[in-house]
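**Q** the following block contains a protein sequence and its predicted model.
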Amino acid sequence: MKYQYDGWELPFFDKAKNFRNYQFLLIKNYIKGDIAEIGPGNGENLRYYKHLAKKIFLYEPTKKSFYKLEKNFKNTNIFIKNNYFKINKKKFDTILYLDVLEHIKNDQIELSLAYKNLKIGGHLIINVPAFSHLFSNFDRDVNHLRRYNKKDIINLCKNLKFEFIEMRYYDSLGYFFSLLSKIFIKKYKKNFKEKIKLWDFLIPLSKFIDITTLNLLGKSLLIIIKK
């Protein structure tokens with residue numbers, strides 16, 4: 001996994017507590033045991049799942065984020081690595097890719113490697129930006145190489161012996177905000193903090209729309225698969 005990106009947007013999204021809580025609600029039942037999180041950024045996700053873990057391994061290739069993780073989790077039982085996990089005797093019950101796969105050039109090789117590092121019965125949890133027609137200047141600026149739909153994920157996993165537990169689009173309002181921003185807002189960074197706060201404030205409404213529309217649309221795509 002090799003990508004260069006400074007994570008300028010992470011502090012804004014790290015404060016999106018409503019979205020984080022919504023996301024965790026969707027994945028919490030599949031998180032347990034020895035956990036590997038790939039590309040954890042500032043480590044914000046840990047506050048939601050660390051109580052479910054036996055051991056936690058963080059693999060962060062971005063230097064800035066790696067050093068911050070080392071500082072923040074010094075003298076804890078959280079293992080922090082700046083190189084990608086290897087295929088070895090260590091296997092994981094849960095592997096997390098939360099808004100990371102879209103940064104990786106060869107995502108198919110990435111998932112194959114994750115498969116080999118997952119225990120039988122273990123879960124791979126992936127969150128990615130949804131729908132290629134939403135790809136915008138924001139995606140380019142944060143080094144997204146692509147956005148995904150369900151068919152893309154099925155094709156990526158077709159040679160792996162995964163059982164799909166769930167695939168769902170979610171955050172309907174986020175979908176429409178992203179679409180409107182792409183079409184009408186050229187200088188999207190203007191008042192970016194306030195825009196993220198408004199979006200996060202409306203997550204409860206987005207959650208309601210997701211339920212009533214049977215997750216037809218969403219800014220994000222969540223995939224949970226079992227080995």
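**A** The structure has been received and is ready for your questions.
**Q** going forward, measure contacts and count neighbours with C-alpha atoms only.
**A** Will do.
**Q** so what strands line up beside the helix or strand harbouring Ile125?
**A** Counting by DSSP states H and E, the element that carries Ile125 is strand 118-129. Neighbouring strands of strand 118-129 in its sheet, by DSSP bridges, are strand 92-98 (parallel), strand 220-226 (antiparallel).
**Q** show me the helices in the chain, by range?
**A** 10-14, 17-27, 46-49, 63-72, 107-116, 137-141, 150-156, 172-184, 192-201, 203-212 (DSSP state H).
**Q** does anything pack onto the fifth one? Which helices or strands?
**A** If you count contacts as 3 or more CA pairs under 8 Å, 6 or more residues apart in numbering; DSSP states H and E, helix 107-116 packs onto helix 150-156.
**Q** export the helix it packs on as CSV, just CAs?
**A** Extracted C-alpha coordinates of helix 150-156, given in CSV (Å, rounded to 0.1, in the frame of the first residue of the first chain):
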residue,chain,number,x,y,z
LYS,A,150,-21.5,-2.7,-5.4
LYS,A,151,-20.6,-4.3,-8.7
ASP,A,152,-17.0,-3.0,-8.4
ILE,A,153,-16.6,-4.7,-5.0
ILE,A,154,-18.1,-8.0,-6.3
ASN,A,155,-15.6,-8.0,-9.2
LEU,A,156,-12.7,-7.3,-6.8
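**Q** among the strands paired with strand 118-129, show me which one is buried the most.
**A** When the strands paired with strand 118-129 are scored by mean count of other CA atoms under 10 Å, the highest mean neighbour count falls to strand 92-98 (a mean of 23).
**Q** would you mind checking the average pLDDT for that one?
**A** The pLDDT scores in strand 92-98 average 97.
**Q** now do that strand and helix 107-116, the angle between them.
**A** For strand 92-98 against helix 107-116, the angle by axes from the mean of the first three to the mean of the last three CA atoms, to 10 degrees is 150 degrees.
**Q** what angle separates strand 92-98 from helix 17-27?
**A** 140 degrees.
**Q** for Met1, give me the pLDDT.
**A** For Met1, pLDDT reads 44.
**Q** and if you look at Tyr169?
**A** pLDDT, Tyr169: 98.
**Q** beta-bridge partners for it, please?
**A** Leu221.
**Q** so who does the spatially most central residue of the chain touch?
**A** A centroid search over the chain (CA atoms, centre = their mean) returns Leu98, at 1.6 Å, as the residue closest to the centre. Counting by CA atoms under 8 Å, 6 or more residues apart in numbering, Leu98 touches Glu37, Ile38, Gly39, Pro40, Ile125, Ile126, Asn127, Val128.
**Q** what pairs with the second one across the strands?
**A** With DSSP bridges as the criterion, Ile38 is bridged to Tyr59.
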